[in-house]
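# Mind looking at a prediction? Sequence and model below.
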Amino acid sequence: MYCQNCRTPVRLDASLKELNPAAFQLLTDSTAPPPQQSAFSTSSRQSRRNYLQDRRDDYQHALQNAQGPTFKRAVPSNRFSHTSAANHTKTGAKENPAMSFVMLTDSQVVQTSSHQAGDEKADSPLSQKQSNAVGLRASDENSLRSHEAETATRLFETLSAHSDIDHPICVECTELLVDGLQKRLGSATRERDVYVDFLRKANADIPSDEERQQAVEALKVARENESFSFAELQRLEQEKAAMDQEITVLDEEAYELDQTEEAFWRERNLYTVTLSSFQSERDGLNTLYDHDSKQLQRLQRTNVYNDTFCIGHDGYFGTINGLRLGRLSNPLVEWTEINAAWGQTCLLLATVAQRLSFSFQGYRLNPMGSASTIEKLDYPQSSSTNDPSYPMRPRITPMELYCTGDLPLGLGFLHRRFDNAMIAFLECLRQLGDHVEHAPTQGTADATHGLKMPYDIRKDKIHDTSIKLSFNQEESWTKACKYTLTCCKYLLAHVSNMNNSPRRSF
């Protein structure tokens, strides 16, 4: 036999082998289920109170729809008949659907061994008698064992059919099964206690006559409140219907307002786009105007005279456009630089005179760089020259405003032409200074006030320093040249102020 749970071989108890028919009948009858009794007997019905009809209907419906157990087996009635038992006794084979083997009887085993020994003692009469006796005993033992096995099998199948457990089972599986059943028993006990407690509370909650009377009065009051509430509900529903109608009208008005608002915002967006384009154009024009204004201011601040003739100083020397005008023993200035400086100074004086529309009396400037000259104009005093049809032609005496530097300084008469040219330049500078001083200044209330030269010029001296190179020291001559450049710078500033004077706005 094998355990029906873990499929391990089991050994049956000796008491199952010695069962008599009465004990077998007693065991099989004890495992049959008791006859079902009605759920409620007459006495219990009389002892318990009557519950509501709907609760009884629910209970009856649950009883009618109750299903059978999950595991239930039925033992066929003709399975263990005497015919099948006789057949099993004769063949010695056990047919059990749970087993996949065939049991051989001891007679077959003994018969096989007897056949092996028959070859040795075939001729002995005593051996034949003994073999016949052993065969009879073996046949009886096999019948007994088959009957015991059949009885045990039927007993286990009967037990399995009336319970949810497949028999036989081993000791270990039995212990596990007992533990599970004990847990189920504890759970069922707790559930029973809960039901008993609920039943006790239900019996205790059964109202008395006084409580019933109070419940009837409370029900009457509740019904009156219900009638009043129903009337109030109808009134509220009428108000709700009126409010729904009003909401519908307001929704229509809101829709119209939404359409109007949408049109307004559409027009407003169009206006915003147009305004933005105008503002962008205005900002562009303002930016362009600011740029042009700054450009105009920059151009107005630009002084072409100062850019063309930059007068400054380099230590003891006066400079024009970086060229030193003067000569000292240390440092020694080349004559080429001095001649170029005089050429720039002559060009400056001629430019200022042209800007002021001034003509020098008796002199004419010829700025030609390092070889600039000044022409002296001598008009003859004769009556025949007063005829306007025959203008007088002056005698022109050129004077060189440069020096080659080949002559020593000790020979003063050799620098006479250069000295005459410098004296003529101072005379032209004096004439232009007097013109600027007596000419009316634009933008001032006093028309007789003008620019006054910083140093006085008298013949060959400027600020009491002679401009002559002959019979003069280098320091004095260099100082006179510096004074000359200072006066030229004042004239240049006067012309620059004339260019930067405010113009009339139209």
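Looks like it arrived, so ask away.
# would Gly312 count as being in a strand?
Yes. Membership of Gly312 in a strand is supported by DSSP: H, G, I helix; E, B strand; the rest coil.
# Quick one: residues contacting it.
Gly318, Thr319 (Cβ atoms under 8 Å, 6 or more residues apart in numbering). Heads up, the C-betas are built off the backbone N, CA and C, glycines and all.
# and the gap between it and Asn339?
Distance of Gly312 to Asn339, given as Cβ to Cβ, to the nearest Å: 19 Å.
# what's next to the helix or strand containing Asn339, contact-wise?
Using DSSP states H and E, Asn339 falls within helix 335-355. Contacts to helix 335-355, defined as Cβ under 8 Å, 6+ apart, come from residues 305, 308-309, 319-321, 323-327, 359-360, 365-372, 374, 401-405, 425, 428-429, 432, 484-485, 488, 491-492, 495, 498.
# Could you pick out which of those are located in helices?
305, 308, 425, 428-429, 432, 484-485, 488, 491-492, 495, 498 (DSSP state H).
# Does Ser372 touch Tyr402 like I think?
Yes. Counting by Cβ atoms under 8 Å, Ser372 does reach Tyr402; the two are 6.6 Å apart.
# the inter-axis angle of the helix or strand hosting Val436 versus helix 335-355?
According to DSSP H and E, Val436 maps onto helix 416-438. Relative orientation of helix 416-438 and helix 335-355, computed by axes from the mean of the first three to the mean of the last three Cα atoms, to 10 degrees: 30 degrees.
# how about helix 416-438: buried residues?
Residues of helix 416-438 classed as buried: 418-433, 435-436 (neighbour count, 16 or more other Cβ atoms under 10 Å).
# Would you tell me what the next helix or strand after it is?
strand 457-458.
# Which strands border that next one, and is each parallel or antiparallel?
strand 461-462 (antiparallel) (DSSP bridges).
# what sits up against the following helix or strand past the partner strand?
Sequence-wise, the next helix or strand downstream of strand 461-462 (DSSP H and E) is strand 465-466. Under the criterion Cβ under 8 Å, 6+ apart, residues Asp460, Asn472, Ser476, Trp477, Lys479, Ala480, Tyr483 lie in contact with strand 465-466.
# out of those, which are buried?
By neighbour count, with 16+ other Cβ under 10 Å, these hold Asp460, Asn472, Trp477, Lys479, Ala480, Tyr483 as buried.
# pLDDT weak spots in this protein?
Low-confidence segments of the chain, defined by pLDDT under 70, are located at 14-20, 27-52, 65-138, 140, 382-391, 406-415, 440-450, 471-472, 499-506.
# For Ala480, give its distance to Met453.
Taking Cβ to Cβ as the measure, Ala480 falls 14 Å from Met453.
# Repeat that for Ser470.
Distance of Ser470 to Met453, computed by Cβ to Cβ: 25 Å.
# who's more crowded, these two?
More neighbours surround Met453 than the other of Ser470 and Met453, with 20 against 16 (other Cβ atoms under 10 Å).
# Quick check: nearest residue in space to the more buried one, chain neighbours excluded?
Nearest residue to Met453, sequence neighbours excluded (Cβ to Cβ, 6 or more residues apart in numbering): Gly433, at 4.1 Å.
# residue ranges of the strands in this structure, please?
311-314, 317-320, 323-325, 363-366, 373-378, 395-400, 457-458, 461-462, 465-466 (DSSP state E).
# Outline the domain layout of this structure.
If you go by automatic domain parsing, the domain ranges for the chain are 1-20+69-169, 211-302, 306-380+392-499.
# Most tightly packed of those domains?
Stretch with highest mean neighbour count among the domains of the chain: domain 306-380+392-499 (a mean of 17; mean count of other Cβ atoms under 10 Å).
# Go ahead and measure how far the lengthiest helix in the chain is from the middle of the chain.
Counting residues, the longest helix found in the chain (DSSP H) is helix 209-301. Relative to its parent chain, helix 209-301 has a centroid offset of 33 Å by Cα atoms, centre = their mean, to the nearest Å.
# helices and strands around that helix, which ones?
Contact partners of helix 209-301 among helices and strands, from 3 or more Cβ pairs under 8 Å, 6 or more residues apart in numbering; DSSP states H and E: none.
# where's Lys201 relative to Asp58, distance?
Counting by Cβ to Cβ, the gap from Lys201 to Asp58 is 19 Å.
# now swap in Leu492 and tell me
127 Å.
# next one: Ala202
15 Å.
# ok, now Trp335?
142 Å.
# Kindly report the same for Lys452.
Distance from Lys452 to Asp58, by Cβ to Cβ: 134 Å.
# and if you look at Leu429?
Taking Cβ to Cβ, one finds Leu429 at 139 Å from Asp58.
# which residues in the stretch 101-250 of the chain form helices?
For the stretch 101-250 of the chain, the helices defined by DSSP state H, counting those that start in this stretch cover 106-118, 125-161, 171-204, 209-301.
# can those helices go into JSON lines with extra columns for distance to Ala353?
Formatted as JSON lines, these follow (distance: least, Cβ to Cβ, whole Å):
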{"stretch": "helix 106-118", "distance to Ala353": "162"}
{"stretch": "helix 125-161", "distance to Ala353": "147"}
{"stretch": "helix 171-204", "distance to Ala353": "133"}
{"stretch": "helix 209-301", "distance to Ala353": "24"}
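# now for the ones you listed, which one comes closest to Leu12?
In terms of Cβ to Cβ, the element of these nearest to Leu12 is helix 125-161, at 5.9 Å.
# Brilliant, that's me finished.
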